[in-house]
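1. return a 3D structure for these sequence lines:
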Amino acid sequence: MMVLRRLLRKRWVLGVVFGLSLIYFLTSTLKQEERTIRDRTLLEVRDSDHRIPWKVRFNLGNSSRQITQCRNSIQGKTLLTDELGYVCERNDLLVNGCCNVNAPSSRQYICKSCLANGCCSIYEYCVSCCLQPDKQLLLERFLNRAAEGFQNLFTAVEDHFELCLAKCRTSSQSVQHENTYRNPQAKYCYGESPPELLPV
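-> So this is what the prediction gives:
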């Protein structure tokens, strides 16, 4: 311990420690800057051919095409939406992740609880309504007009289903002052217009 104290009192040792610390700081900063530039470049070089594959409407009951797996909204306590636009109760979900289309609770492209502006009170209905094939033009307009930062949020979106999941879940238009919903009864939005501001 005594040897360490004596060694640290020498100026050249302090100079070496300071020099190594400075080198470490500079290399860390440069690596971080390099990563930031690379990430920014990846986001800016968004492929203009990168189009979202839009789901075509088909009815599972009348289709000969077998769906082996479905993605679904997962998070609902009682309701779920699958990637084909069906909303069903959790207990009507098949093992492959699709809603059982023969169950009485299953409905496709249901907009129950949704207002004309595209805001809904139930997340699963928002996703299902957004998946309607006739909403494609609205969603394309949204992607084309989105602010640069907002586009970056949606660069990971691969298809219509993922876009609807993200759009209904992520809507800064739904909040006011960053902590209050503009309309607590219709806070899940896929549309272009924000929910109407309800008086407090």
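2. and the gap between Ile74 and Leu80?
-> Remark: distance between Ile74 and Leu80 (Cβ to Cβ, to the nearest Å) = 7 Å. Every residue, glycine included, has its C-beta placed from N, CA and C.
3. more neighbours, the two?
-> It is Leu80, of Ile74 and Leu80, that has more neighbours when counted by other Cβ atoms under 10 Å, with 24 against 10.
4. which SS class is the more buried one?
-> With DSSP: H, G, I helix; E, B strand; the rest coil as the basis, Leu80 sits in strand.
5. right, and it touches Leu94 too?
-> No: using Cβ atoms under 8 Å, Leu80 is not in contact with Leu94; the gap is 10.8 Å.
6. overlap in contacts, these two.
-> Counting by Cβ atoms under 8 Å, 6 or more residues apart in numbering, Leu80 and Leu94 have no shared contacts at all.
7. where are the low-confidence patches of the chain?
-> 1, 4, 7-8, 12, 34-67, 145-156, 170-173, 177-179, 195, 198-200 (pLDDT under 70).
8. tell me where it has helices.
-> Counting by DSSP state H, the chain has helices at residues 2-9, 11-44, 123-130, 136-145, 148-153, 160-169.
9. start to end distance for stretch 99-118?
-> End-to-end distance for stretch 99-118, by Cα to Cα, to the nearest Å: 23 Å.
10. tell me the spacing between Phe142 and Cys164.
-> When Phe142 is compared with Cys164 (using Cβ to Cβ), they lie 11 Å apart.
11. between those two, who's got more neighbours?
-> Higher neighbour count among Phe142 and Cys164: Cys164, with 26 against 18, using other Cβ under 10 Å.
12. for the more buried one, what are its contacts?
-> Contacts of Cys164 by Cβ under 8 Å, 6+ apart are Cys126, Val127, Cys130, Leu131, Leu139, Tyr190.
13. ditto for Gln176
-> Arg182, Leu197.
14. and with 6 Å instead?
-> Contact analysis of Gln176 by Cβ atoms under 6 Å, 6 or more residues apart in numbering lists Arg182.
15. what pairs with it across the strands?
-> Thr180 (DSSP bridges).
16. from the contacts of Cys164, which single one is nearest Asn117?
-> Tyr190 (9.8 Å; Cβ to Cβ).
17. so how far is Leu94 from the closest residue to the closest one other than its chain neighbours?
-> Distances taken as Cβ to Cβ, 6 or more residues apart in numbering put Cys130 closest to Tyr190, at 3.8 Å, once the chain neighbours are dropped. With the distance defined as Cβ to Cβ, Cys130 ends up 22 Å from Leu94.
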